[in-house]
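1. Sharing a sequence plus its predicted fold:
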Amino acid sequence: LACMAPTAHTSEGRAADANAGAAQSSLNLHTLPPEIEQEIIKRDTQFVQSLLATIGYSSKTLPNVDNLQVESLSWNATTGILASTMTNSRARSSIINLWNPSFETLSDVITNLDNVYTIQWNPAGTLLAIVDYNGNVRIWSNQQKNIIDSFAIPERTGYFYTLAWNKNGTIFACAAIKSRNILLYNTLTNTPQTISLNNKSVQTIAFNSMDDSLAVGLSDGSIEIYNINTNAIVKTLSTPAPDKPTILNKIFFSPDGTTLLINGYNSNLGKSIIATRDAATGAIIKTIIETSSYIQAIALSNDGKHVAYALDDAKIHIVDIQSNKLITQFNPMTLQEIKITSYGDKEPRYVYSLAWSPDGTSLAAGLGINHIRIFQLHEIEQWIEKNITYDTYMLLKRCIEIVAAKTIKTSFTGNKKYIVNPISFRNQVEKETLIRAFASAPDRIKRFLERTTNLVFQADTANRQPQTAGAAAAASAGQVISAPAMPADTDQEEPDDEQE
């Protein structure tokens, strides 16, 4: 509480109060005993959440030279290569880009494809399955850098397909949604076989990595478990209570094979649901979300601990499955991108696909603005855990507060953007101390500070504008200066940008 002690009511104190009133955005940092400072930070359990809710995650936007729509994403669990399908629906053509883990270069490009809607790496990371508009399946070898096999799905009932690999990555299952047959293909023997669903319609499929059983989500909301060696039904998990899904859009097995994560839709109630079900009995374990919004994309992390999903409001939500706690939600698009429309002002911008990195630290999103954006989910938290001090904590808290209070405004001189009435500091020494304290911080934190304070950091990337000579001279003289104009980029916009 010492940091909030009032100024003494002396003549000097009244003068200080007057100066504070003239510069109400100034920040006064105080030094407390280290044990008290650490206790204050420790007890603020919402600090990191508040910071991330304000500034968002660090991200990288992958170039889309031909401005093609992102249909599907799949992250290679072994090599870290991200496969993305880019489609020109009018020309009915697609390309698949294979991005190196650094995302700086492409390892390969697969071309001359019809409209591709679904792709998926096998668990070993050696083969990529590709399904196109006409139900043609191609198997691409990561080792040979070429398509090594192709075949057709026997029954095509539409333009959407579901596919899955077994745990060894040798057997591939695929089907057209609403069809009555599932094709199994052995990539070692190049032999196909068909599972007949006896007049039932398939919606989605998933392999159990523990025993290679195949779960088939049917159009009535039930799930049938098949033995792929005999093509026989092992068990049927019946449709749960009337208020639960009648149509299953996506199912996942947990890594230990005991739990199913389902994404479904109840047409009677007009609600979407994400829930966990017991893989043995089919009973609902817990409901993660039940909403009238449509779930546009969903992905389960490789360790089975987190589910990411996107609703038709374009926001991405991440939930801890064990605690059923919402970890975060954020809009992956900037304010300017959301305003861009293809079919009129009321056309929403969706997230079409999601994919987790193998280690669960990053999330790839295929956006309706024809971009792929990679979000580093733990970069900011890791920096805070290792580097946060009381002074940096207090500064970030203050910046979060003024953004929430909407007291920070922006102004333009020509085409340059400036911060009006930013947080200022008592002297140049205090400023330089804070600049050094944030020197190793992620660029996203630095940008946030530049937009809310008069701190100026050296450019970390080539596309950042250098500090002007005038600003440098003002800084060296201890004057209050505005943050430098920020160049246009493809990163997320902070909430204060919405007040422009």
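-> Yep, that arrived.
2. what's Ala404 sitting at in phi/psi?
-> phi -60, psi -40 (degrees, to the nearest 10).
3. again, but for Ile36
-> Per degrees, to the nearest 10, the backbone of Ile36 is at phi -70, psi -40.
4. ditto for the one 3 residues further on
-> The main-chain torsion angles of Glu39 are listed as degrees, to the nearest 10 and equal phi -70, psi -40.
5. Look up how far Leu396 lies from it.
-> In this view, Glu39 and Leu396 are 18 Å apart by CB to CB, to the nearest Å. Bear in mind the C-beta positions are built from the backbone N, C-alpha and C, glycine included.
6. Tell me which of the two has more neighbours.
-> Leu396 (24 against 12; other CB atoms under 10 Å).
7. Give me the below-cutoff pLDDT ranges for this protein.
-> 1-31, 65, 157-158, 240-245, 334-349, 407-421, 459-500 (pLDDT under 70).
8. now the helices for it?
-> Under the criterion DSSP state H, helices of the chain are mapped to 11-22, 34-43, 47-55, 335-339, 379-387, 390-405, 428-437, 443-452, 469-476.
9. Need the winner for burial among the ones you listed.
-> Across the helices of the chain, averaging neighbours per residue (mean count of other CB atoms under 10 Å) puts helix 443-452 on top, at a mean of 22.
10. Could you quantify the relative orientation of it and helix 428-437 as an angle?
-> Here the directions of helix 443-452 and helix 428-437 differ by 160 degrees (axes from the mean of the first three to the mean of the last three CA atoms, to 10 degrees).
11. Between helix 390-405 and helix 443-452, find me the angle.
-> 60 degrees.
12. For helix 443-452, list the C-alpha coordinates in CSV.
-> Below are the C-alpha coordinates for helix 443-452, written out as CSV (Å, rounded to 0.1, in the frame of the first residue of the first chain):
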residue,chain,number,x,y,z
ASP,A,443,8.2,-7.1,-29.6
ARG,A,444,4.5,-7.1,-28.9
ILE,A,445,5.0,-5.8,-25.4
LYS,A,446,7.3,-3.1,-26.7
ARG,A,447,4.8,-2.0,-29.3
PHE,A,448,2.1,-1.8,-26.6
LEU,A,449,4.3,0.4,-24.4
GLU,A,450,5.1,2.7,-27.4
ARG,A,451,1.4,3.1,-27.9
THR,A,452,0.6,4.0,-24.3
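13. so what does it touch, helix or strand wise?
-> Judged by 3 or more CB pairs under 8 Å, 6 or more residues apart in numbering; DSSP states H and E, the packing partners of helix 443-452 are helix 47-55, helix 379-387, helix 390-405, strand 416-420.
14. Any chance of the backbone angles for Pro442?
-> phi -60, psi 150.
15. Specify the beta-bridge partners of the residue positioned nearest the centre of the chain.
-> Nearest to the mean C-alpha position of the chain, by CA atoms, centre = their mean, lies Leu363 at 4.3 Å. Beta-bridge partners for Leu363, by DSSP bridges, are Trp356, Phe375.
16. contacting residues for it?
-> By CB atoms under 8 Å, 6 or more residues apart in numbering, the contact list for Leu363 reads Ala299, Ala308, Ile316, Ile318, Leu354, Ala355, Trp356, Ser357, Ile374, Phe375, Leu377.
17. Just give me the neighbour total for the nearest residue to Ile139 once chain neighbours are set aside.
-> Nearest residue to Ile139, sequence neighbours excluded (CB to CB, 6 or more residues apart in numbering): Asp149, at 4.3 Å. If you count neighbours by other CB under 10 Å, Asp149 ends up with 15.
18. just checking, Asp149 touches Arg138?
-> Yes - the pair Asp149 / Arg138 is scored as a contact, 7.2 Å apart, by CB atoms under 8 Å.
19. what about Ile110, distance to Arg156?
-> 22 Å.
20. neighbour count winner among these two?
-> Ile110 (21 against 15).
21. Hmm, Asn142 and the more buried one touching each other?
-> No - using CB under 8 Å as the test, Ile110 is too far from Asn142 to be in contact (11.1 Å).
22. still on that earlier bit, format the helices of the chain as CSV; extra columns: distance to Thr187.
-> Below are those laid out as CSV (distance: least, CB to CB, whole Å):
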stretch, distance to Thr187
helix 11-22, 72
helix 34-43, 53
helix 47-55, 42
helix 335-339, 40
helix 379-387, 37
helix 390-405, 52
helix 428-437, 54
helix 443-452, 42
helix 469-476, 61
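23. For Leu163, which of the ones you listed is the nearest?
-> Comparing these against Leu163 with CB to CB, the closest turns out to be helix 335-339 (30.3 Å).
24. Is the residue lying closest to His371 once chain neighbours are set aside bridged to anything, and to what?
-> Leaving aside its sequence neighbours, His371 sits nearest to Thr61 (CB to CB, 6+ apart; 5.5 Å). Beta-bridge pairing for Thr61 (DSSP bridges): Arg373.
25. ok, Thr61 - how many residues close by?
-> Thr61, neighbours per other CB under 10 Å, totals 18.
26. Make sure it is actually in contact with Ile369.
-> No - contact criterion CB under 8 Å: Thr61 and Ile369 do not qualify, at 9.9 Å.
27. Cool, thanks, talk later.
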